[in-house]
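In: build me a model:
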Amino acid sequence: MAFCFHVFEYSKTLNGSQTVNFSDYAGKAVLFVNVVSPPELFSLFSSELNALYEEMKPHGLTILGFPCNQFGKQEPGQRHEILPGLKHVRPGNGFIPNFLLFEKGDVNGKNEQEVYTFLKSSCPPVGIDFGPMYGRLFWEPLKSTDIKWNFEKFLVGRDGKPVMRWHPTIKRVLSSGVAVLL
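Out: Next up is the predicted model:
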């Protein structure tokens with residue numbers, strides 16, 4: 001059994017052909033966020049994430065987005081459809097997020113991305129139950145450490161070690177939490 005102590009040991013495919021090593025972010029604080037692109041959800045959160053990125057970028061923050069379809073099947077698009085869909089359809093008008101969007105993948109369950117297994121094992125859960133969302137969750141087995149819904153966030157320090165986890169509904173507290181680390 002091997003133990004990982006920082007995210008630098010992981011990588012993820014960006015666009016079907018380009019692999020990004022998280023070791024490329026050594027020396028930067030990184031916010032990992034599972035995202036979806038339906039307009040009623042993504043435009044609200046992406047504008048907040050874009051604003052947070054612009055505010056904290058000079059201090060060394062990077063945001064990485066990970067599309068996921070496990071919560072209410074809200075991200076049905078294929079990997080090649082997500083970015084063009086954001087740019088031309090939802091929200092449209094040439095919108096491009098200020099952060100990288102990786103390939104769609106699972107953040108919970110038996111097929112979850114390894115980096116999310118690591119993040120969830122490094123930070124305690126932000127809630128104890130799945131609430132009224134039960135029945136709209138598409139993975140097994142359900143665990144108390146699982147991400148509860150879209151836009152849950154993990155902050156990783158400059159040394160690659162996870163330091164904070166935020167519930168999907170937390171917004172402005174996020175900025176002050178990130179500022180403390182930077």
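In: residue nearest the middle of the protein, spatially speaking?
Out: residue 33 (1.6 Å; C-alpha atoms, centre = their mean).
In: thought that residue was touching residue 49?
Out: Yes: using C-beta atoms under 8 Å, residue 33 is in contact with residue 49, at 6.7 Å. No exception for glycine: its C-beta is placed from N, CA and C like everyone else's.
In: which neighbours do these two share?
Out: Residues touching both residue 33 and residue 49 (C-beta atoms under 8 Å, 6 or more residues apart in numbering): 63, 65, 99.
In: quick one: stretch 55-69 to chain centroid distance?
Out: Relative to its parent chain, stretch 55-69 has a centroid offset of 8 Å by C-alpha atoms, centre = their mean, to the nearest Å.
In: can you list the buried residues in it?
Out: Buried residues in stretch 55-69, counting neighbours by 16 or more other C-beta atoms under 10 Å, are found at 56, 61, 62, 63, 64, 65, 66, 67, 68, 69.
In: so which of these are in strands?
Out: Residues of the buried residues of stretch 55-69 located in strands (DSSP state E): 61, 62, 63, 64, 65, 66, 67.
In: which residues pair with the residue nearest to the centre of the chain across the strands?
Out: On the basis of DSSP bridges, residue 33 is bridged to residue 65, residue 153.
In: and the gap between it and residue 156?
Out: For residue 33, the distance to residue 156 equals 12 Å [C-beta to C-beta, to the nearest Å].
In: now do residue 168
Out: In terms of C-beta to C-beta, residue 168 sits 18 Å off from residue 156.
In: of these two, who's got more company?
Out: Between residue 168 and residue 156, counting by other C-beta atoms under 10 Å, residue 156 is the more crowded of the two (28 against 19).
In: the residue nearest to that one when sequence neighbours are not counted: how many residues sit nearby?
Out: What sits nearest to residue 156 in space, not counting adjacent residues and going by C-beta to C-beta, 6 or more residues apart in numbering, is residue 30, at 4.5 Å. Neighbour count of residue 30, defined by other C-beta under 10 Å: 22.
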